[in-house]
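Peer 1: give me coordinates for this.
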Amino acid sequence: MSGEDEKLSLPGVVKRLIKRVRAFFQRTRMYLRITQMSPIARRYFIKNGFDGSMTLLGIIVGSWIVGVTKPEIIVTAGLGACLAMGLSGIFGAYMTERAERMRHLKTLEDTMLSDLSGSVLSDASDFVSLYAAFVDGASPILTAVIAIIPFILTLTGTFAIWDAYIVSLALTLATLFSLGLYLGRIAKENMLLYGAITLAAGVITITVALILGAI
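Peer 2: Have a look, this model is predicted:
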């Protein structure tokens, strides 16, 4: 088989694809190392993931209090919240991070008396702006979608509506607890303590909402 035939064959295509994916991840690691973006991305992920869970928790508890029995209402409201948080995160993080990176790059250019356009630093700045936008937008969508999965399953007849409420609340609290565990791991402190704190935030939200609903 000639070299050209090998390129057109399925194994050749797979090899090229694997090579490109490997190169992409290597370049990503390099850009993150150059810009020291990893800690910032973690903060974006945790903060906005927490916001996504808490927002859906409010929607679900509020729907429970007023007795919403149509799962499509909760799914629509939840997906609307997902979309709003995701787009807000994407555009907000991109514009904010790009402004900061451009400012840093221009400062370097003034210091070095050199144009850095097209340099690795410039490419890294452009990439991490998009990376931050993706993380910021994806994290609340991910945690919010987890919360509405039981109601989506209710539309297929898998759950009764009131069972969906219970499962959804349990999933949301578990997500909050997991985010706390991750924070504890990052801080290299007591993971269970961090998990308990984020879990307590969810429990307090539910309790306050129930009290207000009973007034």
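Peer 1: C-alpha only now, for contacts and for neighbours.
Peer 2: Noted.
Peer 1: any idea which helix is longest in the protein?
Peer 2: In the chain, with assignment by DSSP state H, the single longest helix is helix 71-112.
Peer 1: distance of the closest residue to residue 192 other than its chain neighbours from residue 168?
Peer 2: Distance criterion CA to CA, 6 or more residues apart in numbering; nearest residue to residue 192, sequence neighbours excluded, is residue 181 at 6.2 Å. According to CA to CA, to the nearest Å, residue 181 stands 20 Å off from residue 168.
Peer 1: buried residues, the helix or strand following the longest helix of the chain. List them.
Peer 2: Note on helix 71-112: by DSSP states H and E, the next helix or strand toward the C-terminus is helix 120-155. Counting neighbours by 16 or more other CA atoms under 10 Å, one finds that the buried residues in helix 120-155 are 121-122, 124-152, 154.
Peer 1: helix 120-155 versus helix 71-112: what angle between them?
Peer 2: Angle, helix 120-155 to helix 71-112, by axes from the mean of the first three to the mean of the last three CA atoms, to 10 degrees: 170 degrees.
Peer 1: which strands and helices lie in contact with helix 120-155?
Peer 2: Secondary-structure packing of helix 120-155 (3 or more CA pairs under 8 Å, 6 or more residues apart in numbering; DSSP states H and E): helix 10-35, helix 38-66, helix 71-112, helix 161-187.
Peer 1: residue 213 touches residue 65, doesn't it?
Peer 2: Yes: the pair residue 213 / residue 65 is scored as a contact, 6.2 Å apart, by CA atoms under 8 Å.
Peer 1: so who does the residue most central in space within the chain touch?
Peer 2: Taking CA atoms, centre = their mean, the centroid of the chain lies closest to residue 139, which sits 1.1 Å from it. Going by CA atoms under 8 Å, 6 or more residues apart in numbering, residue 139 touches 44-46, 48-49, 52, 86.
Peer 1: quick check, nearest of those to residue 16?
Peer 2: Nearest to residue 16 out of the contacts of residue 139 is residue 45 (CA to CA; 31.7 Å).
Peer 1: for that closest one, give me its contacts.
Peer 2: 135-136, 139-140.
Peer 1: likewise for residue 68?
Peer 2: Contacts of residue 68 (CA under 8 Å, 6+ apart): residue 74.
Peer 1: which SSE is it in?
Peer 2: Per DSSP H and E, there is no helix or strand for residue 68.
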